[in-house]
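Peer 1: Whatever this is, show me its structure:
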Amino acid sequence: MKINQIKQKIDKSLKVILSNESWLAFTLIGISFILRVTVALLTFSENQIDSWADSKEFLWFGEQFALGNFNPYWSVEEHGLEVGPFVPLIIALFIKIFESPIWPFFIYNCLLTSIIPFVLYLIGKNVFNKKIGLFSAFWSILYPDFYRFNIQFLKEPSVYFFLPLIVLLIILSIKNKDKLIYLFGSAVAFSILMHTDPRYLFYLPIILIPFLFVKWALIDRFIKILSWIVICLLLSMPMLVRNYNIYGEIIFITPQTIAITNKIWKSSVEPYNKSFLEQRLQLSINNFDGDEFKTAEDKYYEQRLENALRESSGKGRTPYKYGDYEKYFMAFKHYWQPIFFSPNYLYHGFRYQKWSIRHNFSSLIFYGIFLPFYFIGIYLIIRKKDLFAIYIVTIPLFHSIMHAYALMPLERYRSHINFCIIITALWTMFYILKNYKLINKIKIK
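Peer 2: Below is the predicted model of the structure:
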């Protein structure tokens with residue numbers, strides 16, 4: 001009897017909250033913000049900048065922007081502006097206003113990641129129903145990665161926010177065909193996203209794919225897509241002009257994008273990833289011992305092997321260089337893998353990867369247990385033939401292929417699209433429970 005009373009009270013409370021979305025937004029964002037700022041205060045006071053690596057690079061570029069130097073050269077790794085300019089611009093803005101950008105940027109990160117629960121609620125509601133949206137929001141309030149990077153000068157919090165926002169605005173722009181604010185908003189958000197992480201420039205086809213299949217007149221679809229692309233191009237002009245003045249050719253956002261645009265037109269500028277590998281190979285050449293049976297590349301991979309063995313303390317399997325096809329298969333496997341109890345080796349086969357019990361547990365609870373339901377959901381949703389649901393399940397598949405091809409199977413990169421996996425998995429769980437109840441009600445005579 002008491003259980004039923006508690007259930008009734010919970011249902012009544014949820015009904016009150018869901019009946020007023022302004023109150024729901026305030027509640028979700030408020031709770032999230034308090035939790036994220038509290039964790040940021042505790043963790044930063046304990047570690048300060050000891051855990052900073054890439055953050056130092058973003059901070060340095062932000063400091064250069066604040067000084068008016070928009071063509072800075074990072075001497076630590078010998079390259080120019082290779083990161084997306086959005087985060088350094090935000091850092092520069094905070095330097096101008098507050099002198100020290102540290103806590104203003106942390107608050108900015110906490111605020112963005114605090115808005116995510118309401119964004120996910122709206123995605124779940126518009127794709128499936130309010131219940132899915134609400135459970136997705138609860139997941140995002142607690143999701144560790146929405147806390148982990150808030151005390152860093154990194155792009156992750158911005159990507160975590162803008163990617164689901166774009167998905168939401170694309171869905172709303174199709175549901176509300178005549179409200180151009182959603183189309184404009186999604187284009188602006190996408191422009192910010194790709195200037196935060198240049199790899200998302202190549203997300204353009206997957207972002208726009210719903211417009212190709214929506215049941216509108218062909219001319220309407222064409223106008224919407226063209227308008228969206230034009231807005232993005234206009235917002236990209238400052239970096240296009242800047243890059244042309246520096247490099248003497250058309251480069252989108254940063255040289256990070258050259259590896260892909262080289263498939264269309266050849267560039268004389270080397271992408272950072274390639275030049276960095278060549279630097280390591282050159283170092284091997286400089287230290288080459290003259291063994292006629294070895295190349296400098298062999299020497300380089302020998303050094304990587306020695307480093308991997310040292311990091312693993314000789315435990316587990318011996319690392320080796322993956323083959324031409326094997327490296328893509330392993331990258332795809334490592335991309336989706338929820339736990340790393342035993343030693344694994346990423347990229348070409350030499351980057352040591354093993355997680356702590358706490359990290360594995362966290363990944364399992366907030367990602368791994370949902371993964372089987374996501375893959376079941378793909379089948380169920382394709383049968384359902386729902387455009388927006390198919391849109392949601394497609395994004396992680398595209399993302400995984402892109403990162404496996406680029407040999408970047410890090411959890412940090414996969415976590416950007418985990419919200420799609422969770423929303424799909426939650427819908428699948430409720431779908432299975434609902435149909436299981438229906439089966440139990442069928443009495444066999």
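
Peer 1: show me where the stretch 101-250 of the chain has helices.
Peer 2: Taking DSSP state H, counting those that start in this stretch to define them, one finds helices in the stretch 101-250 of the chain at 102-127, 130-142, 145-148, 156-175, 180-196, 204-213, 218-247.

Peer 1: Go through the fourth one and flag the buried ones.
Peer 2: Okay, so that is helix 156-175. Under the neighbour-count criterion of 16 or more other CB atoms under 10 Å, helix 156-175 has 156-174 buried. The way it works is simple: take the backbone N, C-alpha and C, and place the C-beta from them, glycine included.

Peer 1: Over to the longest one?
Peer 2: The neighbour-count check on helix 218-247 (16+ other CB under 10 Å) flags 221, 224, 228, 231-232, 235-236, 239, 242-243 as buried.

Peer 1: Relative to residue 72, which of the helices of the stretch 101-250 of the chain is closest?
Peer 2: Using CB to CB as the measure, helix 218-247 is the one of those that comes nearest residue 72, at 11.0 Å.

Peer 1: so how far is that closest one off the chain centroid?
Peer 2: Helix 218-247 has its C-alpha centroid displaced from the chain centroid by 22 Å (CA atoms, centre = their mean, to the nearest Å).

Peer 1: cool, and stretch 67-79?
Peer 2: For stretch 67-79, the separation from the chain centroid amounts to 25 Å (computed by CA atoms, centre = their mean).

Peer 1: Over to stretch 88-106?
Peer 2: Using CA atoms, centre = their mean, the distance from the centre of stretch 88-106 to the centre of the chain it belongs to is 23 Å.

Peer 1: Ok, stretch 67-86 next?
Peer 2: With CA atoms, centre = their mean as the basis, the distance from the averaged C-alpha position of stretch 67-86 to the chain average is 22 Å.

Peer 1: how about it as PDB, C-alpha atoms only?
Peer 2: Once side chains and other backbone atoms are set aside, the C-alpha atoms of stretch 67-86 remain, and they are given as PDB (Å, rounded to 0.1, in the frame of the first residue of the first chain):
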ATOM      1  CA  LEU A  67      47.400  40.600 -27.200                       C
ATOM      2  CA  GLY A  68      46.100  41.000 -30.800                       C
ATOM      3  CA  ASN A  69      48.200  38.200 -32.300                       C
ATOM      4  CA  PHE A  70      45.900  36.200 -34.500                       C
ATOM      5  CA  ASN A  71      48.800  34.300 -36.200                       C
ATOM      6  CA  PRO A  72      50.500  32.800 -33.100                       C
ATOM      7  CA  TYR A  73      53.200  30.000 -33.300                       C
ATOM      8  CA  TRP A  74      53.200  27.300 -30.700                       C
ATOM      9  CA  SER A  75      56.900  26.500 -30.300                       C
ATOM     10  CA  VAL A  76      56.300  23.600 -27.900                       C
ATOM     11  CA  GLU A  77      55.100  21.400 -30.800                       C
ATOM     12  CA  GLU A  78      56.200  23.700 -33.600                       C
ATOM     13  CA  HIS A  79      52.900  24.700 -35.300                       C
ATOM     14  CA  GLY A  80      50.600  27.600 -35.800                       C
ATOM     15  CA  LEU A  81      46.900  27.900 -34.900                       C
ATOM     16  CA  GLU A  82      45.800  24.200 -35.200                       C
ATOM     17  CA  VAL A  83      43.100  24.200 -32.700                       C
ATOM     18  CA  GLY A  84      39.600  25.700 -33.400                       C
ATOM     19  CA  PRO A  85      39.600  29.400 -32.700                       C
ATOM     20  CA  PHE A  86      36.400  29.600 -30.600                       C
END
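
Peer 1: for the closest residue to residue 161 other than its chain neighbours, what are its contacts?
Peer 2: The spatial neighbour of residue 161 that comes closest, neighbours along the chain excluded (CB to CB, 6 or more residues apart in numbering), is residue 112 at 4.0 Å. Applying CB atoms under 8 Å, 6 or more residues apart in numbering, one finds that residue 112 lies in contact with 157-158, 160-161.

Peer 1: again, but for residue 140
Peer 2: By CB under 8 Å, 6+ apart, the contact list for residue 140 reads 32, 116-117, 120, 146, 419, 422.

Peer 1: Just the helices from the stretch 251-400 of the chain, written as ranges.
Peer 2: Counting by DSSP H, counting those that start in this stretch, the stretch 251-400 of the chain has helices at residues 258-261, 272-286, 296-311, 326-336, 357-366, 371-384, 387-405.

Peer 1: With respect to residue 36, which of these lies nearest?
Peer 2: Closest to residue 36 of those, according to CB to CB: helix 357-366, at 15.4 Å.

Peer 1: which residues are in contact with the closest one?
Peer 2: Applying CB under 8 Å, 6+ apart, the set of residues contacting helix 357-366 from outside is 139, 142-144, 338-341, 355, 411, 418.

Peer 1: how about a cut-off of 6 Å?
Peer 2: The list of residues contacting helix 357-366 from outside it, by CB atoms under 6 Å, 6 or more residues apart in numbering, reads 143-144, 338-339.

Peer 1: Next one: the nearest residue to residue 190 once chain neighbours are set aside from residue 71, what distance?
Peer 2: What sits nearest to residue 190 in space, not counting adjacent residues and going by CB to CB, 6+ apart, is residue 166, at 5.2 Å. In this view, residue 166 and residue 71 are 29 Å apart by CB to CB, to the nearest Å.

Peer 1: Same check on residue 364?
Peer 2: Relative to residue 71, residue 364 is positioned 45 Å away (criterion: CB to CB).

Peer 1: One more: residue 133?
Peer 2: As judged by CB to CB, residue 133 and residue 71 stand 45 Å apart.

Peer 1: go on, residue 191?
Peer 2: 21 Å.

Peer 1: Out of those two, name the residue with the larger neighbour count.
Peer 2: Each of residue 191 and residue 71 had its neighbours counted (other CB atoms under 10 Å), and the higher figure belongs to residue 191 (23 against 11).

Peer 1: which residues sit in contact with the more buried one?
Peer 2: Applying CB under 6 Å, 6+ apart to residue 191 gives the contacts 232, 235.

Peer 1: Give me the local confidence score for it.
Peer 2: Each residue has a pLDDT score; the one for residue 191 is 95.

Peer 1: what do you get for the one 5 residues further on?
Peer 2: Listed pLDDT for residue 196 reads 94.

Peer 1: Can you get me a residue count around it?
Peer 2: By the other CB under 10 Å criterion, the neighbourhood of residue 196 contains 26 residues.

Peer 1: The one 3 residues further on now?
Peer 2: One way to gauge burial is a neighbour count; for residue 199, by other CB under 10 Å, it gives 23.

Peer 1: Can you tell me, leaving aside adjacent residues, what's nearest to it?
Peer 2: Counting by CB to CB, 6+ apart, the nearest residue to residue 199 once its immediate chain neighbours are dropped is residue 256, at 6.9 Å.

Peer 1: ok, and the closest non-adjacent residue to residue 395?
Peer 2: residue 420 (4.8 Å).

Peer 1: what residues are up against the one you found?
Peer 2: Listed by CB under 6 Å, 6+ apart, the contact partners of residue 420 are 392, 395-396.
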